[in-house]
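Asker: Quick one: sequence and predicted model below, then my questions.
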Amino acid sequence: MKIISIDKPKGWTSFDVVFFLKKYFQEKKIGHLGTLDPIATGVLPIFIGKATRLIPFFNNVDKTYRAVCKLGVCTDTYDANGKITKTNRSTRLDHEKITNSFYSFLGEKKQNIPPFSAAKINGVPFYKLARKGIKVPNKTRSVFFHELKIEKIELPYIKFIVRCSKGTYIRSLANDLGILLKVGAHLTSLERLSCGIFFNTKNSISINNLKNIDNYSKIPWISPSTLLEHIHTLYANEEIQSYIKFGRRIELSRTNNYSDLKKLKTDNVIKQKINLVQTKVLDNNQNLIAIGHLIWENKLCYFQPSKVFI
């Protein structure tokens, strides 16, 4: 099962990366987490083949970015790729006012979705309407800014780091900051530093470095079992695997896992009042076999697969 984190180059769309990897790996099915705009660089998690079925488990992870915005200039896309719509003097702003305004975005906020975005109205993406000069209706979404940090202020530029929830537009943050400061602003650069806790700059590889790898085994694949280490684990022998292969529920009361399951039942069923525990199943070589739930019924424990990978 193939999972890799790509360091997306500037100027490429996320689709460009997927298109390249389909040809490079000769794979028909490839998906990714968290779309990045062409102006952005950085971490783009890629799931290949059967691994695409794991994407829903990571769709809601937080993202961390390093960004630079320019005060005093507004654009129609909220970033440097757009047309300038307004300019104002920003040099008279003091650092204290900028800092206080920036940190006021901490926590849950309603954020305006950029007119040039993939958000849809009546099935039509905003950017298609915006490119035709059609006014896009205001649409907001709730986002959460977990951490904000200003790294440098060199007017008219502000360099900062953001850790935020899924679906946050950093260019909207730049635009909103400009509105708050009454001078306007737009995003000039954006780098994604991490996507969840397992995809980051340290385990990402650039397209150029990937091209130069001459041995398939040297590709920095990311193990599915590592990504799912927070989920309870069962190990399956060949008999159990034969049941799982056909999506069948399996009674586990007589397996080698039973002593661990009794403790798990005490911790989850009795204490937390639940009788379902999300579980992954591995073979003896640490290969992911299935994901599903443990279910306790009539003092017996069963594993019910929901996603099968064999």
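Answerer: In hand now; what should we look at?
Asker: Report the beta-bridge partners for the closest residue to T85 other than its chain neighbours.
Answerer: Closest residue to T85 apart from its sequence neighbours, by Cβ to Cβ, 6 or more residues apart in numbering: C74 at 4.9 Å. No exception for glycine: its C-beta is placed from N, CA and C like everyone else's. When assigned by DSSP bridges, C74 has beta-bridge partners K86.
Asker: Next, count neighbours for C74.
Answerer: Other residues lying near C74 total 21 when counted by other Cβ atoms under 10 Å.
Asker: where's it relative to V61, distance?
Answerer: To V61, C74 is 31 Å away according to Cβ to Cβ, to the nearest Å.
Asker: now A185
Answerer: For A185, the distance to V61 - Cβ to Cβ - is 27 Å.
Asker: Which of these two has more residues huddled nearby?
Answerer: A185 (28 against 17).
Asker: contacting residues for I30?
Answerer: With contact taken as Cβ atoms under 8 Å, 6 or more residues apart in numbering, I30 is in contact with 18, 21-22, 46-49, 52.
Asker: As JSON lines, these with secondary structure, distance to I153 and pLDDT would be great.
Answerer: Converted to JSON lines, the contacts of I30 look like this (DSSP: H, G, I helix; E, B strand; the rest coil; distance: Cβ to Cβ, whole Å; pLDDT from 0 to 100):
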{"residue": "V18", "secondary structure": "helix", "distance to I153": "37", "pLDDT": "97"}
{"residue": "L21", "secondary structure": "helix", "distance to I153": "38", "pLDDT": "97"}
{"residue": "K22", "secondary structure": "helix", "distance to I153": "42", "pLDDT": "96"}
{"residue": "I46", "secondary structure": "strand", "distance to I153": "35", "pLDDT": "98"}
{"residue": "F47", "secondary structure": "strand", "distance to I153": "39", "pLDDT": "97"}
{"residue": "I48", "secondary structure": "strand", "distance to I153": "42", "pLDDT": "96"}
{"residue": "G49", "secondary structure": "helix", "distance to I153": "46", "pLDDT": "94"}
{"residue": "T52", "secondary structure": "helix", "distance to I153": "42", "pLDDT": "95"}
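Asker: among these, which ones are buried?
Answerer: 18, 21, 46-49, 52 (16 or more other Cβ atoms under 10 Å).
Asker: Quick one: low-confidence residue ranges for this structure.
Answerer: Where the chain drops to pLDDT under 70, the residues are 119, 122, 124-127, 129-130, 134, 253-275.
Asker: For the biggest strand by length in the chain, which residues meet the burial criterion?
Answerer: Scanning the chain for the strand with the most residues, using DSSP state E, yields strand 140-154. Buried positions in strand 140-154, judged by neighbour count with 16+ other Cβ under 10 Å: 143-145, 148, 153.
Asker: burial measure for W221, as a count.
Answerer: Neighbour tally, W221, other Cβ under 10 Å: 16.
Asker: in a strand, that's where it is, yeah?
Answerer: No - counting by DSSP: H, G, I helix; E, B strand; the rest coil, W221 is located in no strand; its state is coil.
Asker: what's near enough to touch T77?
Answerer: Here T77 is in contact with 83, 114-116, 171, 186 (Cβ under 8 Å, 6+ apart).
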